[in-house]
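A.B. asks: give me the fold of what follows.
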Amino acid sequence: METLLPLLGYVVVSACTPGPNNLMVLTSGANFGVVRTLPLIAGIAAGFPVMIVAVGLGLGFVFDAYPAVHTILKYATFAYLLWLPWKIATAKRPDVASADARPVTFLQAAAFQWVNPKGWAMSIGALALFTTANGNKVIQVGVIALLFGLVCLPNGIAWALFGRGIAGFLADDRRRQWFNIGMAVLLVVSVTPTLFE
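C.D. replies: This is a model prediction of the structure:
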């Protein structure tokens, strides 16, 4: 219990700062609005805690026993995080009325957590800082996962609202193109330190 307040501070700060999840939500909010971005937000809020539980209750041992798995995941993440910013930077104005135009889905957002280097750094950091060897590991990991899930929902809505708020500014195609390029660059910059740790 004595670590609950520091843990909450860690969760809020790490979840609310710019990173791949928040930048995707911001971009989706700007392009599609808040309501159509809710599945993306829910996917993050569900997928990230699942990853924390998996890492906290055993996946870390797999990485220790088989370092090649970690290396493969790292390079897969790097490849995906080159492709994703490229797609953002080159995205045209979405025809939001079109059936083909849709934001990231719940399942896509949940699956993205497994290749999100900031997410890996946040979860491993939380588990290293806020679990103890003599404590109940299931309860400790469960509390960490629950707090992240709870914070991800309002945080995602706030980022989507910010995106929606700047949508009028982005009505101009040139400004939208520069915005998309800027978001792509920020996405790469936000994950670069964790890729090379």
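
A.B. asks: any idea of the mean pLDDT for the stretch of helix or strand G156 belongs to?
C.D. replies: Per DSSP states H and E: G156 is located in helix 137-165. Helix 137-165 carries an average pLDDT of 94.

A.B. asks: so what touches stretch 135-152?
C.D. replies: For stretch 135-152, contacts defined as CB atoms under 8 Å, 6 or more residues apart in numbering pick out 4, 7-8, 11-12, 15-16, 21, 41, 44-46, 48-50, 52-53, 56-57, 122-123, 126-127, 130-132. In short, each C-beta sits where N, CA and C put it, glycine included.

A.B. asks: thinking again about what came up before, how far away from the center of its chain is the helix holding G156?
C.D. replies: How far helix 137-165 lies from its chain's middle: 10 Å, per CA atoms, centre = their mean, to the nearest Å.

A.B. asks: just the buried residues of it, please?
C.D. replies: Across helix 137-165, burial judged by 16 or more other CB atoms under 10 Å covers 140-145, 147-149, 151-152, 155-160, 163-164.

A.B. asks: stretch 175-185 too?
C.D. replies: Buried residues in stretch 175-185 (16+ other CB under 10 Å): R176, Q177, F179, N180, M183, A184.

A.B. asks: which residue ranges of this protein form helices?
C.D. replies: Using DSSP state H, the helices of the chain run over residues 4-16, 20-32, 34-54, 60-65, 67-89, 106-112, 117-130, 137-165, 173-195.

A.B. asks: winner for burial among these?
C.D. replies: For the helices of the chain, the largest average neighbour count (mean count of other CB atoms under 10 Å) is found in helix 20-32, namely a mean of 25.

A.B. asks: and it, what other elements does it pack with?
C.D. replies: Where contact means 3 or more CB pairs under 8 Å, 6 or more residues apart in numbering; DSSP states H and E, helix 20-32 is packed against helix 34-54, helix 67-89, helix 106-112, helix 117-130, helix 137-165, helix 173-195.

A.B. asks: can you give me how far it is from the chain middle?
C.D. replies: Taking mean C-alpha positions (CA atoms, centre = their mean), helix 20-32 and its chain are 11 Å apart.

A.B. asks: hmm, who's touching stretch 30-47?
C.D. replies: Contact with stretch 30-47 is made by 21, 24-25, 28-29, 91, 93-94, 96, 101-114, 149-150, 152-153, 156-157, 160-161, 163-164, 166-167, 170, 179, as judged by CB under 8 Å, 6+ apart.
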